[in-house]
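# Provided below are the primary sequence and the corresponding predicted coordinates.
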Amino acid sequence: MEINQLTPAEKRVWRAFATGTAVDFRPRGDEDVADGTDWGHERSVRATVLRHLLINGPQKPGEIAALKLSGARVTGELDLRYAQTDHAVRLSACRFDEVPQLYGWRVRQLNLSDSVLPGLTAATIRVEGVLRLTDCRFRGPVRLGGAHIAGALFMDRANFEAPDADEPALQLNQVAIGDDLWAPGLRARGQVRLTGASVAGAVNFRDTEFELPSGTALDAQNLTVGSDVRAPCLTARGRVEFRGSRIPGCLDLLHSRLSQPGGTALRASSCVIGELWLRPDERIEGALNLRRSQIDLLTLEPATLPDQVYVNELTYTALTPHVPAEHRLTMLERDAEGYVPYAYEQLTAAYRRVGDDYAARLVQLAKQRRLRATRTWYGRLWGYVQDATVGYGFRPLRAAVWLLSLLAAGSIAYALHHPHPLKASEAPHFNPVFYTLDLLLPVISFGQEDAFAPDGWYQYLAYALIITGWILATTVVTGVTRSVSRQ
């Protein structure tokens, strides 16, 4: 391309390239780039000129060439597919008329901060340094799938929109980032796809907004990060998907707002997470799925749990905040899969780990009551007896109360009406207390039961005491056995 074929604005850019001098067409720093459609030829640069500069631009000995352009309107299609650029590129606060085609491009460093674009096609791009999309506004899909970025990816306060609901607003699937993914304040109207992405550092989604009410707003399945995913104050209208992700640090969802009524608001199943902080400001709207995940520290606020949860095979080491067992049991009762024994065992272990044996017993008692509902009618009947008498062995003092009550009732009844002796000459002195104990205790004998025979309704009372004694003895033995096995 000859220099005499360039417009005055393009000549200025051309001459500055060889020395890496910055060119800024902005008359003031606070103008809105969205109004760039009104910019005339005095600040317009053809995409073909930029392409020629980046592929085969002029250079000066001893100078570091670079494209540093601000406040320009880029006309035409910037096509750099499969090209290689050894220079840093900064096209900040620029207005692009057409979608840049950067598929497979290799570049030293790329900065598109504050620019407005109709979209971006840059799948499998290779950036040796940092890729900056800070404060960018995209009116169409951004395709960065399979990109390799040696440094960090900055997308803070960027806006992404996908006019077509079937097209993700931002594709970062299978992307490899050598540092952090920095995106606080990001806004996306359409799906953000991070499936299979690898981030060597941390992911920052503080104050982000993801919106796709009809589907998955944030798809981060099989995401692998080196440290944390920080997403406090995140707002998601649509599913947030972390299935199969590996986050050795913290997945921070404090003060978040998660909503997908009738669907799944958050799915973090089959994950390996160091710490999950799930304490949203509002009650989660939609199901919560944590099945088969392994979490060292689970911070979960019971009051914000939805009506439907999935916690089967969820394993956690510690559970915070420490609240009474009654508050935690609501999570297990809302499990959409029904009775899940493993979930009760995990909650029991968490309470025992912090030394709260009383709460652990309450969880085990709730487990037995939930199991009772799955039994046949006679199994449920026997369960009710165990629950009423000794609380399935977790409340053994109940048996003593029952025995003392029956002992008092029987002693008073037989003290008022002595049963007649079977052999008056051989019968011992009648004692109503020990006679009642003989009836209640199926193993111990004080010689009273065999020596005296009640009649009338007192005989039926004796039968009732014998049957009740056997039931109490059986339930006590069951409870003791269960307590020993727990130890």
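It's in.

# all contacts plus neighbour counts: C-alpha atoms, from now on.
Noted.

# what's in contact with stretch 402-418?
With contacts defined as CA atoms under 8 Å, 6 or more residues apart in numbering, stretch 402-418 is touched by 389, 430-433, 435-437, 440, 454, 458, 461, 465, 469.

# which residues of the stretch 51-200 of the chain score low on pLDDT?
Within the stretch 51-200 of the chain, no range satisfies pLDDT under 70.

# how about 90 then?
57-63, 162-167 (pLDDT under 90).

# all strands of the stretch 351-487 of the chain, in order?
Listed in chain order, the strands found in the stretch 351-487 of the chain under DSSP state E, counting those that start in this stretch are 420-421, 452-453.

# please name whichever of the ones you listed is nearest to residue 129.
strand 452-453 (98.8 Å; CA to CA).

# what is the closest one packed up against?
Helices and strands touching strand 452-453, by 3 or more CA pairs under 8 Å, 6 or more residues apart in numbering; DSSP states H and E, are strand 420-421.

# so which elements touch the strand it packs on?
Applying 3+ CA pairs under 8 Å, 6+ apart, one finds that strand 420-421 contacts strand 452-453.

# partners of the strand it packs on in the sheet?
Strand 452-453 sits in its sheet next to strand 420-421 (antiparallel), going by DSSP bridges.

# pLDDT (mean, whole number) over stretch 214-229?
If you average the pLDDT over stretch 214-229, you get 96.

# go on, stretch 258-269?
The average of the pLDDT scores along stretch 258-269 is 95.

# restrict it to CA atoms and write it as CSV.
Output of stretch 258-269 as CSV, limited to C-alpha atoms (Å, rounded to 0.1, in the frame of the first residue of the first chain):
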residue,chain,number,x,y,z
LEU,A,258,-29.3,-16.5,42.0
SER,A,259,-32.6,-17.0,40.2
GLN,A,260,-34.1,-19.5,37.8
PRO,A,261,-37.7,-20.2,39.0
GLY,A,262,-38.8,-23.6,37.8
GLY,A,263,-35.3,-24.7,37.0
THR,A,264,-31.8,-25.0,38.6
ALA,A,265,-30.4,-21.8,39.9
LEU,A,266,-27.0,-23.2,40.9
ARG,A,267,-25.4,-26.5,39.9
ALA,A,268,-22.1,-27.3,41.4
SER,A,269,-22.2,-31.1,41.2
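
# what's it in contact with?
213, 234-245, 280, 284-293.

# hmm, back to that, quick one: buried ones out of the contacts of stretch 402-418?
The neighbour-count test (16 or more other CA atoms under 10 Å) marks 389, 430, 432-433, 435-437, 440, 454, 458, 461, 465, 469 as buried among these.

# inside helices: which ones of those residues?
389, 432, 433, 435, 436, 437, 440, 458, 461, 465, 469 (DSSP state H).

# for the last one, give me its contacts.
Neighbour list for residue 469: 403, 439, 440, 441, 442 [criterion: CA under 8 Å, 6+ apart].

# give me that answer again for 6 Å
Residue 469 makes contact with 440, 441 under the criterion CA atoms under 6 Å, 6 or more residues apart in numbering.

# now swap in the second one and tell me
By CA under 6 Å, 6+ apart, residue 432 lies in contact with 411, 414, 415.

# mind checking how far the second one is from residue 236?
In other words, residue 414. 72 Å (CA to CA, to the nearest Å).

# now do the last one
Distance of residue 415 to residue 236, computed by CA to CA: 74 Å.

# which SS class is residue 346?
Classification of residue 346 using DSSP: H, G, I helix; E, B strand; the rest coil returns helix.

# give me the spatial nearest neighbour of residue 85, chain neighbours excluded.
residue 107 (4.8 Å; CA to CA, 6 or more residues apart in numbering).

# my guess is that neighbour contacts residue 127, does it?
Yes - counting by CA atoms under 6 Å, residue 107 touches residue 127, with 5.2 Å between them.

# circling back to that earlier point, looking at the contacts of residue 432, which is nearest residue 71?
Residue 71 lies nearest to residue 411 out of those, by CA to CA, at 100.5 Å.

# look up how far residue 457 lies from the closest one.
Noted for residue 411: a distance of 15 Å to residue 457, by CA to CA.

# out of the two, name the residue with the larger neighbour count.
Per other CA atoms under 10 Å, whichever of residue 411 and residue 457 has more neighbours is residue 411, with 19 against 9.

# pLDDT wise, what is the more buried one at?
What the model reports as pLDDT for residue 411 is 81.

# next: the one 10 residues further on.
Predicted confidence (pLDDT) for residue 421: 77.

# so what's the closest residue to it other than its chain neighbours up against?
Closest residue to residue 421 apart from its sequence neighbours, by CA to CA, 6+ apart: residue 452 at 4.3 Å. For residue 452, the contact set (CA under 6 Å, 6+ apart) comprises 419, 420, 421, 422.

# give me the neighbour count for residue 467.
16.

# ok, it to residue 447 distance?
As judged by CA to CA, residue 467 and residue 447 stand 19 Å apart.

# now do residue 156
88 Å.

# who's more crowded, those two?
A direct count of neighbours by other CA under 10 Å for residue 156 and residue 447 places residue 156 higher, at 24 against 14.

# and the more buried one, what is it in contact with?
Listed by CA under 6 Å, 6+ apart, the contact set of residue 156 reads 134, 183, 184, 185, 186.

# restricted to helices, list those residues.
Using DSSP H, no member of the contacts of residue 156 falls in helices.

# as JSON lines, the residues you listed with neighbour count and distance to residue 21 would be great.
Listed next are the contacts of residue 156 as JSON lines, based on neighbours: other CA atoms under 10 Å; distance: CA to CA, whole Å:
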{"residue": "134", "neighbour count": "24", "distance to residue 21": "22"}
{"residue": "183", "neighbour count": "24", "distance to residue 21": "29"}
{"residue": "184", "neighbour count": "23", "distance to residue 21": "31"}
{"residue": "185", "neighbour count": "21", "distance to residue 21": "31"}
{"residue": "186", "neighbour count": "23", "distance to residue 21": "31"}
